[in-house]
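Asks: Got a sequence here, can you build the structure:
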Amino acid sequence: MDTTNQPPLNEIQLTLLRLFSREMSSDEMTHIKQLLMDYYEKELQKELDEVIADKNLSPADFQERLNQQQRSSH
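Replies: Numbers count the residues shown, from 1 in each chain. From the prediction side, this is the model:
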């Protein structure tokens, strides 16, 4: 793998490497992955909620967009 174009690791990446530099069971790895996924899901939902509020979107707007996409995919 070519590492010459990769940026250096940031502080959180280094911290995670130090924290997880020990042997872990499959269950531990699964749990940690789930924690990270939950965190990013919450962050994404907050961002989505902000966009929805900023653009004043409604559930009907989403349904209309979905219907448009389904019609154009045929």
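Asks: Looking at the most centrally placed residue in the chain now. What's its pLDDT?
Replies: Centroid-nearest residue in the chain: residue 40, 4.4 Å away (criterion: Cα atoms, centre = their mean). Note on residue 40: pLDDT of 97.
Asks: Quickly find the element holding it.
Replies: helix 26-55 (DSSP states H and E).
Asks: Give me the distance between the next helix-or-strand element following that helix and the centre of its chain.
Replies: Of the helices and strands lying after helix 26-55 in sequence (DSSP H and E), the nearest is helix 59-72. With Cα atoms, centre = their mean, to the nearest Å as the basis, helix 59-72 stands 24 Å off its chain's centre.
Asks: if we can go back for a sec, can you give me the angle the helix holding residue 40 makes with helix 59-72?
Replies: On the basis of axes from the mean of the first three to the mean of the last three Cα atoms, to 10 degrees, helix 26-55 is oriented at 100 degrees to helix 59-72.
Asks: from here on, count from 44
Replies: Taking 44 as the first residue, the last one we looked at is helix 69-98.
Asks: Can you give me the buried ones in helix 69-98?
Replies: Residues of helix 69-98 classed as buried by neighbour count (16 or more other Cβ atoms under 10 Å): none. The C-beta positions use only the backbone N, C-alpha and C, and glycine is treated the same way.
Asks: Output the lowest mean pLDDT helix or strand found in the protein.
Replies: Sorting the helices and strands of the chain by mean pLDDT, DSSP states H and E puts helix 102-115 at the bottom, at a mean of 85.
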